[in-house]
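*Asks:* Sequence plus predicted model, see below.
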Amino acid sequence: MTSVRFAAVALMLLVAGASSADLLQSVRAGDADTVRALLDGGANPNSRAEDGPPALYFAAIEGRTEIFHLLVEAGASVEDASGEDWSLFGAAVYGGDSDLVTWLLERGAPGDGHANLWHNGLRGTPLRIAAHRGHSDIARLLLDRGADVEAEAEPHNRWRPLHSAAWEGHAEIAQMLLSAGAEIEATTRDEETPLHLATRKSRTEAARVLLAAGAEADAVTRHGSTPLHYAAENGDLALIALLVEHGTDVNSAGGLGNPPMESALAAGHAAAMNALLDAGAQWTLPAAVMTGDVERVRQMLADGADPSALGQEGRPALHWAIIRGHLDIARALIDAGADLDATSDRTFNEYFRVDTALSLAAERGYADLVDLLIAGGADLHAPRGFERPLFEAARAGHAQIVATLLANDADPNAAVWAGFTPLHYAAIGGRADTAALLLDAGAEINAVATYPPKEGPVQHHPATPLHWAAELGHADLVALLIERGADLTLETRAGVTALGIAAAKGHDAIAQSLLDAGAVPTLNDAILLGDETRALELLAAEGLSEASEHTSLHLAVGRGISELTRALIAAGADPNEAPQTWPGLGISGTPLIVAAEGGHLEVVRALLDAGAVVADGDHLDRNALYFACKAGDLRIARLLVERGADVHATFRPYDGTLLEAAVGSGNVELARYLIAQGAEVDRPASYGRRPLSLAGVRGDLAMMRALIELGADPNAESRDGSALQRAAYAGEAEAVRLLLDEGAEVNARRKGATALHSAASIGCADVVRLLLERGADITLTTDEGWTAADYAAMRGRDDALQVLLNAGAERTLHVTAYLGHLERLSLFIERGADVNAPGPGGRTLLHMAYVGGSIEAVRWLRERGANVDAPGAAGCTPLYRAATYGHTAAAQALLDAGANVNARAEDGGTPLRIAVEYEHEDTAALLREHGGVE
């Protein structure tokens with residue numbers, strides 16, 4: 001079948017010609033057959049991405065060694081495949097194929113020096129890339145050839161290979177680098193050592209290697225943290241124990257001024273705090289405050305503790321008393337002389353991140369604490385004259401606190417950045433009660449906040465409190481402001497009053513209340529209200545203002561008002577006005593795009609008649625025809641094509657096509673029209689997926705039949721497999737049936753996987769059964785050697801697995817572990833099977849046992865040496881997988897066996913985080929008991 005397909009592709013390309021874009025797409029998709037056919041059809045083996053690297057680079061970085069050599073044999077230049085912003089050798093190292101790396105080294109590739117990766121962000125030497133990716137065989141190869149273990153990635157960050165290995169948790173590579181002479185205390189720009197990075201990411205094994213090699217356990221970063229601070233902040237009990245074992249100072253304040261115990265408390269990790277206390281940590285006043293232990297606080301104050309002592313985040317102890325709502329402790333601190341107006345010493349924004357005790361209490365609604373602080377003499381105007389307590393209380397709706405602050409001479413017209421006042425804050429928060437108090441105290445009802453800056457582009461932004469209340473739909477607040485005399489005529493810089501804002505946001509009742517109060521619409525207000533007659537009258541009487549010149553046309557076309565559209569253009573509005581994106585007014589794109597997306601045929605016609613450029617697109621090159629296709633609007637699509645729109649146009653970022661958009665809309669006649677106009681029925685679209693595959697995933701049988709009738713090949717491969725494989729993976733049984741009826745090869749393979757693997761992996765028993773009835777080969781394995789039954793077991797798909805087993809699927813080693821059949825497991829092990837052998841997706845037998853929920857199998861495997869923390873796919877350990885599936889008993893068995901409760905996956909997730917995400921409450925509770933962190 002492959003040879004037939006290859007010949008067909010080659011013949012097609014000889015007739016039609018082979019494009020560079022097709023070659024690059026096939027290389028990136030890993031489609032060796034198509035690459036071969038394209039090269040035979042005349043495609044340039046040195047084809048490059050726009051302003052980017054050549055095909056060779058993409059083959060290397062994706063680990064496509066077969067394709068790489070196909071390109072070289074066809075004449076691709078290895079010497080010219082690197083550029084200033086990318087390195088072919090670095091790409092090969094990233095891809096992880098040691099044979100390819102060796103091949104390049106033997107041909108003179110530099111094993112050292114900078115090796116930037118295009119659009120990746122990873123920079124540095126090849127050794128650093130190998131360390132980052134965890135390719136130990138390549139790291140060894142580079143070291144054997146003299147790679148510099150101390151080379152820094154870039155002067156501005158100073159990361160070395162050892163830093164990357166520690167950060168990513170690659171303990172074996174870290175050991176390798178240390179043995180090669182890597183400096184164990186080398187620091188990054190932030191003065192973080194490899195040990196800091198390992199502890200910050202909870203990489204226990206990497207930290208163990210570093211500490212065993214003599215890493216300084218109490219090293220301090222530029223920001224003042226020690227490794228123990230990081231471990232405490234993460235609540236990582238295993239790392240805390242490891243650092244204590246290696247002599248870390250549990251009371252070291254580092255450069256932060258507070259010990260690790262406070263870091264644990266601030267993050268809410270009581271178990272970590274207890275572990276530190278058990279290791280000899282001493283109580284500090286802020287720590288006692290955070291725990292709410294009033295007697296301990298009083299005793300420490302009596303013993304001479306400084307009542308203004310700074311704790312975690314540079315906050316005084318009094319701040320922590322306010323944050324935790326401890327009135328008695330706050331009173332004790334004040335009685336002992338705490339500075340009521342002290343601010344945190346580590347804040348970075350003059351207005352919005354500088355707290356005082358009073359602002360914290362006001363924001364949180366602690367009226368009793370506010371009274372206590374004011375009685376003690378707290379400054380209402382601190383910090384820096386900014387009345388933050390009043391602002392925060394107004395926005396949060398704490399009326400009692402607002403009244404108290406005003407009674408104590410807080411300024412109701414205090415203004416901050418861009419002119420916002422407490423009344424603006426009350427309007428934004430929808431707090432009519434606090435707004436009324438502010439107005440009673442003399443707040444300026446029409447205060448204007450000048451955001452964005454006056455020199456910026458014309459935009460829609462609320463300016464007065466009334467604008468904000470109308471924008472956010474706070475009807476009671478709008479009514480209050482009207483009653484109190486707010487000016488209804490004030491406009492935003494887009495020429496819109498509160499009336500237009502309410503209309504744009506769909507707050508009809510508010511718009512009507514403004515009209516009832518005498519609001520007079522502007523031109524843009526009238527458009528937003530849908531009052532075409534009034535808009536035409538205003539346009540005739542007043543023409544276009546500076547604001548409406550750039551906004552009115554977008555608003556009119558967005559609402560499908562064709563007569564007004566023509567009138568605005570006649571008055572001077574530009575039909576090719578630059579794309580605008582104002583979500584508050586419902587505007588996005590050029591006028592033509594807005595009209596096409598809204599389905600306004602006559603408006604589209606009016607714009608085209610006035611000279612609108614049909615090809616103009618947005619920031620992703622999506623033009624009006626794309627939006628018409630996406631909406632499934634054949635009328636507008638036909639008009640645009642008649643006026644010159646190109647049916648072959650593509651859009652970013654993944655070379656999407658118009659036919660793809662039409663297929664997604666479900667409009668069969670539109671798809672037929674585009675194909676009749678020249679759109680290629682089998683052209684790969686976004687992510688290399690073909691239209692038939694996209695229709696199959698949607699289960700759109702009518703669209704599938706039309707595409708096949710018009711020439712779509714049921715066996716054409718997409719980047720992620722054939723249409724049959726994609727439909728099977730989507731669980732679309734009828735789409736699978738249709739494809740098989742139309743000649744789709746039931747055993748078509750991608751990386752060895754078939755549609756049966758796809759159906760098994762999602763657990764769709766109906767599709768599995770259908771494929772077997774149509775001749776699917778149950779014995780076929782992926783390139784990695786895994787059967788469909790393995791895939792079903794790997795994902796815990798019991799129904800699909802049972803169908804496969806009933807049909808005669810072999811009970812492989814990993815399926816046996818999933819099923820928990822100990823006798824059969826014993827036979828495998830006795831015959832030499834590796835108890836830690838990786839299975840589907842990198843999962844070991846232990847992974848499979850806990851996915852299946854077999855506690856006996858978990859314990860049996862542990863007794864025989866199974867690695868309890870072996871990372872599988874995406875770096876997930878067995879405990880992570882147990883947490884994913886909510887197998888609490890399996891999780892308990894793993895924890896009893898010493899599993900690291902906070903071992904992180906590649907994305908930084910922990911077992912507790914995934915258990916919480918999937919709402920496995922019992923499993924989450926167990927993990928918390930063992931010191932788990934999110």
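*Replies:* Received, thanks. All values reported here derive from a predicted model rather than from experimental measurement. Residues are numbered from 1 along each chain as shown.
*Asks:* Ends of stretch 426-444, what's the gap?
*Replies:* 13 Å (C-alpha to C-alpha, to the nearest Å).
*Asks:* Now it: buried residues?
*Replies:* Residues 426-439, 441, 443 are the ones in stretch 426-444 that count as buried (16 or more other C-beta atoms under 10 Å). Bear in mind the C-beta positions are built from the backbone N, C-alpha and C, glycine included.
*Asks:* Next: stretch 320-331.
*Replies:* Quick answer for stretch 320-331 (16+ other C-beta under 10 Å): Trp320, Ala321, Ile322, Ile323, His326, Leu327, Ile329, Ala330, Arg331.
*Asks:* Next: stretch 126-146.
*Replies:* For stretch 126-146, by 16+ other C-beta under 10 Å, it's 126-136, 138-143.
*Asks:* Pull the distance from that stretch to the chain's centre.
*Replies:* Distance of stretch 126-146 from the chain centroid (C-alpha atoms, centre = their mean, to the nearest Å) equals 29 Å.
*Asks:* Just the mean pLDDT for it, thanks.
*Replies:* The pLDDT scores in stretch 126-146 average 92.
*Asks:* Now do that stretch: distance from first to last residue.
*Replies:* 12 Å.
*Asks:* which other residues reach it?
*Replies:* 87, 89-90, 93-94, 96, 98, 101-102, 105, 111-112, 115, 117, 122, 124, 147-149, 151, 153, 159-162, 164-165, 167-168, 170, 172-174, 176-177, 180 (C-beta atoms under 8 Å, 6 or more residues apart in numbering).
*Asks:* Now stretch 90-102: buried residues?
*Replies:* Gly90, Ala91, Ala92, Val93, Tyr94, Gly95, Gly96, Asp97, Ser98, Leu100, Val101, Thr102.
*Asks:* Go ahead and list the helix or strand containing the first one.
*Replies:* Which is Gly90. helix 88-95 (DSSP states H and E).
*Asks:* Show me the shaky parts of the stretch 251-400 of the chain.
*Replies:* Counting by pLDDT under 70, the stretch 251-400 of the chain contains low-confidence residues at 345-353, 383-387.
*Asks:* Swap in 50 and give it another go.
*Replies:* Scanning the stretch 251-400 of the chain for pLDDT under 50 picks out 346-352, 385.
*Asks:* could you pull out the helices for it?
*Replies:* 260-266, 270-278, 285-291, 294-302, 317-323, 327-335, 357-364, 367-375, 388-396, 399-407 (DSSP state H, counting those that start in this stretch).
*Asks:* Same question for the fourth one: list its buried residues.
*Replies:* This points to helix 294-302. Here helix 294-302 shows Val294, Arg296, Val297, Arg298, Met300, Leu301 as buried, counting by 16+ other C-beta under 10 Å.
*Asks:* Please tell me how far Tyr880 sits from Ala924.
*Replies:* Distance from Tyr880 to Ala924, counting by C-beta to C-beta, to the nearest Å: 13 Å.
*Asks:* ditto for Leu466
*Replies:* 46 Å.
*Asks:* just Ala578 next, same as before
*Replies:* Per C-beta to C-beta, Ala578 is found 51 Å from Ala924.
*Asks:* what do you get for Glu313?
*Replies:* 27 Å.
*Asks:* ok, and for stretch 246-266, which residues are buried?
*Replies:* 246, 248-250, 252-254, 256-266.
*Asks:* What's the end-to-end length of that stretch?
*Replies:* Start-to-end, stretch 246-266 (C-alpha to C-alpha) is 25 Å.
*Asks:* circling back: and the buried residues of stretch 90-102, which is closest to Ala309?
*Replies:* Tyr94 (48.9 Å; C-beta to C-beta).
*Asks:* can you count the residues close to the residue nearest to Asp409 when sequence neighbours are not counted?
*Replies:* Once flanking residues are discounted, Asp409 sits nearest to Leu380: 6.9 Å by C-beta to C-beta, 6 or more residues apart in numbering. By other C-beta atoms under 10 Å, the residues close to Leu380 number 23.
*Asks:* Any chance of TSV for the helices of the stretch 251-400 of the chain, columns distance to Gly560?
*Replies:* Formatted as TSV, the helices of the stretch 251-400 of the chain follow (distance: least, C-beta to C-beta, whole Å):
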stretch	distance to Gly560
helix 260-266	55
helix 270-278	60
helix 285-291	59
helix 294-302	66
helix 317-323	52
helix 327-335	60
helix 357-364	45
helix 367-375	52
helix 388-396	38
helix 399-407	45
